[in-house]
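Asker: let's see this in three dimensions:
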Amino acid sequence: MSRASVATVLTARAWEEVFVSFARETAAVRVVARAYEPEEATRRSPSVIVAGSETPWISPAIVKAWRRRGIRVVGIHPAGDEPGKRLFETAGADAILPDDTPALRLLRTVQALSITTPPTSPEGTLVAVTGPRGAPGRTEISIAIAWGAAREHRTLLVDLDPPSLGIRLGLRPHPGLADAFDAVRSFGELPDDRARSVGPISVLAGIDGGPLTAALRWELVRSALGSFDVVVVDLGPWPQGETILRQANTAVLVCDAGPTGLVRASMLVAAWQGPTPIPLVNRADDPATTAGEARRALGLEPAGLIPTLASIRAAARQASAPPRQLIEHVAPVQRSIAAHRSR
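Answerer: Predicted structure coming up:
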């Protein structure tokens, strides 16, 4: 029988070093990662992850995301720490042990869990929308992408550039992102009452993002991927939301057709970290000329050339649905979503 592959989450507490040393001495399991960040834990596809509740970013949402991928999770908590124990109980960890558990028992637990694989649960498709500073039209295009996706999929639109979407859609300031994150931290998933319905889509938006770091915003988005088929995130201007962009299944680059907009976008592309972007050029009133200029500036073929449309301004003033013409112009993004979901 092949050895179990295990990843641990790095911690200053002694249990992790003791377990890794014992595992390597006995060669009973393969330690494939000692993770400092969430993505490092899954990079080499372990069958089991061992994590301690003392790590600040360990949460029910993170643990549930690992389990959706078919990874077993062993939760370790300081002996006598009931809140730490409850964290893993809420998350549905496969095994929960105090950190004074002997290394041999922890090793046997890992081996026993690795024999079977839990059923995987499909996650939603993540669409990240960004662009350079200067109001290139990210908000309107994010709404149009979400509206189009909602024709076939349960779709959530998230505003990580507040208060843009909230104002555009005429929403009350609360509940906002911080309210949603508090619920995610408590339950490990996004409750339905934290997202508001606007036409065919659900929306997370508010006055601001509260005291949420980039890692915490990613945790919020990641939890939403367990509840929705498609999650469209307006990241705001680059490099805001860089962590989320790197994890996106589809990345959309929105830029203005003017010279300044294309120069700014070219600088963004030079520093890009994430999947190859789908470039959408806004206010492209001379398509033939703009296509060539965008191609030269970005080194990418523009996927959509969106002209200045009076209907877009009218929809924004009335806080109404995006115009049909705009939804049609973002069709390349819908094709990318469809391709990912068919895999």
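
Asker: so residue 175, which state does it fall into?
Answerer: Three-state call for residue 175 (DSSP: H, G, I helix; E, B strand; the rest coil): coil.

Asker: thought it was touching residue 191?
Answerer: No. Using CB atoms under 8 Å, residue 175 makes no contact with residue 191, being 10.0 Å away. For every residue, glycine as well, the C-beta is placed using N, CA and C.

Asker: and the gap between residue 212 and residue 218?
Answerer: For residue 212, the distance to residue 218 equals 10 Å [CB to CB, to the nearest Å].

Asker: now residue 83
Answerer: Plainly put, residue 83 is 23 Å away from residue 218 if you go by CB to CB.

Asker: between the two, which one's more packed in?
Answerer: Neighbours were tallied for residue 83 and for residue 218 using other CB atoms under 10 Å; the higher tally belongs to residue 218 (24 against 9).

Asker: now do the SS call for the more buried one.
Answerer: helix.

Asker: who touches it in this structure?
Answerer: Residue 218 makes contact with 38, 243-244, 247, according to CB atoms under 8 Å, 6 or more residues apart in numbering.

Asker: redo the residues you listed as TSV? Include neighbour count.
Answerer: What follows is the contacts of residue 218, written out as TSV (neighbours: other CB atoms under 10 Å):
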residue	neighbour count
38	24
243	21
244	24
247	17
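
Asker: point out where the stretch 1-150 of the chain drops to low pLDDT.
Answerer: Counting by pLDDT under 70, the stretch 1-150 of the chain contains low-confidence residues at 1.

Asker: now the strands for it?
Answerer: Residue ranges of the strands in the stretch 1-150 of the chain, as given by DSSP state E, counting those that start in this stretch, are 4-9, 29-35, 48-52, 72-77, 95-98, 125-131.

Asker: relative to residue 261, which of those strands is closest?
Answerer: Among those, the nearest to residue 261 by CB to CB is strand 125-131 (8.6 Å).

Asker: how many other residues sit next to residue 21?
Answerer: With other CB under 10 Å as criterion, residue 21 counts 12.

Asker: and if you look at residue 311?
Answerer: The number of residues packed near residue 311 is 13, by other CB under 10 Å.

Asker: check contacts around the closest residue to residue 176 other than its chain neighbours.
Answerer: Closest residue to residue 176 apart from its sequence neighbours, by CB to CB, 6 or more residues apart in numbering: residue 206 at 2.1 Å. Residue 206 is in contact with 159, 162-163, 166, 171, 173-179, counting by CB under 8 Å, 6+ apart.

Asker: 6 Å - rerun?
Answerer: 162, 166, 173, 176-177 (CB atoms under 6 Å, 6 or more residues apart in numbering).

Asker: please apply the same query to residue 8.
Answerer: Neighbouring residues of residue 8 by CB under 6 Å, 6+ apart: 16, 34, 50.

Asker: ok, the second one touching residue 10?
Answerer: Spelled out, that is residue 34. Yes. With contact defined as CB atoms under 6 Å, residue 34 reaches residue 10; the gap is 5.2 Å.

Asker: so these two - more neighbours on which side?
Answerer: Legend: neighbour count by other CB under 10 Å for residue 34 and residue 10, higher for residue 10 (18 against 15).

Asker: relative to residue 26, how far out is the more buried one?
Answerer: Noted for residue 10: a distance of 21 Å to residue 26, by CB to CB.

Asker: just residue 114 next, same as before
Answerer: 15 Å.

Asker: ok, the two, which is more surrounded?
Answerer: Legend: neighbour count by other CB under 10 Å for residue 114 and residue 26, higher for residue 114 (19 against 11).

Asker: for the more buried one, what are its contacts?
Answerer: 4, 47-48.

Asker: which of the contacts of residue 206 are buried? Put it as a PyMOL command.
Answerer: Buried residues among the contacts of residue 206 (16 or more other CB atoms under 10 Å), as a PyMOL selection:
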select buried, resi 162+166+176+177
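
Asker: pLDDT weak spots in the stretch 151-300 of the chain?
Answerer: For the stretch 151-300 of the chain, residues meeting the criterion pLDDT under 70 lie at 208-211.

Asker: mind listing the helices for it?
Answerer: Ranges of helices within the stretch 151-300 of the chain are 164-168, 177-187, 214-224, 242-247, 259-270, 287-298, based on DSSP state H, counting those that start in this stretch.

Asker: of all those helices, which one is nearest residue 57?
Answerer: helix 214-224 (5.8 Å).

Asker: so which strand or helix has residue 339?
Answerer: helix 331-341 (DSSP states H and E).

Asker: show me what counts as buried in that helix.
Answerer: Within helix 331-341, judged by 16+ other CB under 10 Å, the buried ones are 332-334, 336-337, 341.

Asker: could you give the mean pLDDT of that helix?
Answerer: The average pLDDT for helix 331-341 rounds to 96.

Asker: tell me the phi and psi of residue 226?
Answerer: Phi and psi for residue 226, reported as degrees, to the nearest 10, are phi -80, psi -10.
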